[in-house]
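**Q** could you look at this predicted model? Sequence included:
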Amino acid sequence: QVQLVESGGGLVQAGGSLRLSCAASGRTFTSYGMGWFRQAPGKEREFVAASRWSSTYYGDSVKGRFTISRDNAKNTMYLQMNSLKPEDTAVYYCAASVAWLAPIRRSTYDYWGQGTQVTVSS
């Protein structure tokens, strides 16, 4: 069992930056595939980024602006978000996967956090 807690969301102007954190419980953090998803009002939950071992993946809409990273010693994953746009406004969720079959699919992930709100004003 893994518990995930996101933090770092907030209100930022377009062009600004935020760093989200996802703190994970458990002693096997390094073995999990980890991902970030987001969900805007009225829209489906969308893949943002994922990481396991040395592999990283990004959604097309965030490539070149967002960076996923992990500090395994702290059981924490991060999402550095730069050059934010109003369309990045959403609730951001972190997720953990045991099997890691398809990093960009929601169904891959076994555990989810409660989410943190990111609002980008124009």
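**A** Received the coordinates, thanks. Numbering: from 1, shown residues only.
**Q** and stretch 59-69, how far from the chain's centre?
**A** Stretch 59-69 has its C-alpha centroid displaced from the chain centroid by 10 Å (Cα atoms, centre = their mean, to the nearest Å).
**Q** for it, give the mean pLDDT please.
**A** This predicted structure assigns stretch 59-69 an average pLDDT of 97.
**Q** CA atoms only: put that stretch into CSV for me.
**A** Coordinates of the C-alpha atoms in stretch 59-69 are reproduced here as CSV (Å, rounded to 0.1, in the frame of the first residue of the first chain):
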residue,chain,number,x,y,z
GLY,A,59,2.6,14.8,-22.6
ASP,A,60,2.8,16.8,-25.8
SER,A,61,1.3,19.9,-24.3
VAL,A,62,4.0,20.2,-21.5
LYS,A,63,7.1,19.1,-23.3
GLY,A,64,9.9,21.6,-22.9
ARG,A,65,8.1,23.4,-20.1
PHE,A,66,7.6,20.8,-17.4
THR,A,67,10.3,18.6,-15.8
ILE,A,68,9.6,15.5,-13.6
SER,A,69,12.2,14.4,-11.1
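**Q** need the contact list for Gln117.
**A** Applying Cβ atoms under 8 Å, 6 or more residues apart in numbering, we find Gln117 in contact with Gly9, Gly10, Val91, Tyr92. For the C-beta atoms, the positions are set from N, CA and C on the backbone; glycine is no exception.
**Q** how about the second one, nearest residue that isn't a chain neighbour?
**A** In other words, Gly10. Leu18 (6.4 Å; Cβ to Cβ, 6 or more residues apart in numbering).
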